[in-house]
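*Asks:* I'll drop the sequence and a predicted model, then ask my questions.
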Amino acid sequence: MTAYLVLDFAVLDLRGFMAYVEGVPAFIAKHGGRYIVRGVEPQVMEGDWSPDRVVILEFPSSEHARAFLDDPDFQSLKAVRERTTVSKLILVEGCI
């Protein structure tokens, strides 16, 4: 079943974050993922959710998404994101 990683984030250090922006697409592709939404400023339509930026990644399955996040070669790049942003990440499965 298709799965999605949804990232809500605010960049604290743009210069430092650029290493993540440049390096992450290869890891996403390695695990069969693709961008659905890429770092856009969302328009809040209801509620009190107020993300600065949103990324949505699609993977063939939740196992692929988890493999992306757990990839040992990705961990140093993941640490860059964690150091240069304030972020929230969720994994959801699609309907099909």
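*Replies:* Structure received. Numbers count the residues shown, from 1 in each chain.

*Asks:* how many other residues sit next to the nearest residue to residue 39 once chain neighbours are set aside?
*Replies:* Among residues not flanking residue 39 along the chain, residue 53 sits closest, at 5.1 Å (Cβ to Cβ, 6 or more residues apart in numbering). For the C-beta atoms, the positions are set from N, CA and C on the backbone; glycine is no exception. Neighbourhood size, residue 53 [other Cβ atoms under 10 Å]: 17.

*Asks:* ok, residue 53 touching residue 14?
*Replies:* No. With contacts counted by Cβ atoms under 8 Å, residue 53 stays clear of residue 14, the gap being 11.3 Å.

*Asks:* Could you give the bridge partners of the residue nearest to residue 39?
*Replies:* Beta-bridge pairing of residue 53 under DSSP bridges involves residue 9.

*Asks:* which ones are touching it?
*Replies:* 8-11, 39-42 (Cβ atoms under 8 Å, 6 or more residues apart in numbering).

*Asks:* I'd like the distance between it and residue 31.
*Replies:* Separation of residue 53 from residue 31 (Cβ to Cβ, to the nearest Å): 22 Å.
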